Structures are given as C-alpha cells and as structure tokens.
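Engineer: Turn this into a structure:
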Amino acid sequence: MESLVIVGASLAGLSAARAARNLGFTGRLVIIGDDPARPYDRPPLSKDFLAGRIEVADLTLETDTDALDAEWILGTPAVSFEATTRTVTLADGRRVHADKLVIATGAAPRTLPQIADATNVVSLRTIADAQKLR
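Structural biologist: Numbers count the residues shown, from 1 in each chain. Just a heads-up that it's a prediction; the model follows:
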C-alpha cells in the first residue's frame, strides 16, 4: 500500500491531507506534528480564547476525521528524512516510511536575542502558549 506522510499537523498539513483524499489517494496517510493538539485555528488564540469567550474545543479545524482516515503522530517532531530509503525519523527514534512526502511545517516565532531569556516575554503561537497567558 502506498503511503503519504505529511510533516506538519496544522492548517496546511490538514489541508494537504484533505486534498489528497479528495483527489482519490486511498493509501496510508500519516500526519506528523510537534504540537500535541490536533489542527486548530490559530488567529482566535490572541483574541477570543485569551478573552475567555471560547474554549480549546472551539478552535478545532476538523469536521470529519473518519473520512480522512489518517494516522496521527502528535507531540513528536520529525527530525530528518532519508531520501534513499524514503524514511522520516522522529525525535523519539521512530521511523515512518513515506512513498510520498509533504512538508507543511509552517513558521516558528522569532525570538529577539536581547530578550530571549526574559521571563516576562512570551510568544503566542500554540494553545499551550495561550493557556499560559490566560
């Protein structure tokens, strides 16, 4: 069975998975993400979530996970890809075969060196970041 591995489990990764299924991909679909949460809408984190108007469950982007029929590996980042063996290696040492690979890792917040160690400065990118501020 052919496999498609998507590294990145946020909106871009979810969109790639949905597109693959919509285009008729029927093989093994694996979605890998370093965030322990399933895909969620990030813009409301700094608005409605911090204000307490919505909860974590309201941020979800998925509507029908059964139709996606994907294997989710969350909370463990991919650290390398070996093209000759088509193998994605995870931070915990697990290896995942990938006949096809999509890299949809997005961006990371940039920390300014002058304030990198400041305890009163935080980045807001993930649910965990928002929960610390809330």
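Engineer: Which residue is most remote from the mean position of this protein?
Structural biologist: residue 114 (28.9 Å; Cα atoms, centre = their mean).
Engineer: Looks to me like that one is in a helix.
Structural biologist: Yes. Looking at residue 114 with DSSP: H, G, I helix; E, B strand; the rest coil, it is inside a helix.
Engineer: Which residue ranges of this structure form helices?
Structural biologist: Using DSSP state H, the helices assigned to the chain run over residues 11-22, 65-68, 127-133.
Engineer: For residue 108, which of those is the nearest?
Structural biologist: helix 127-133 (11.8 Å; Cβ to Cβ). Yep, even glycine has a C-beta here, placed from its N, CA and C like the rest.
Engineer: Average the pLDDT values over the closest one and round to the nearest integer.
Structural biologist: Averaged across helix 127-133, pLDDT comes to 89.
Engineer: Residue numbering should commence at 47 henceforth.
Structural biologist: Sure, I'll start counting at 47 from here, so that last one is helix 173-179.
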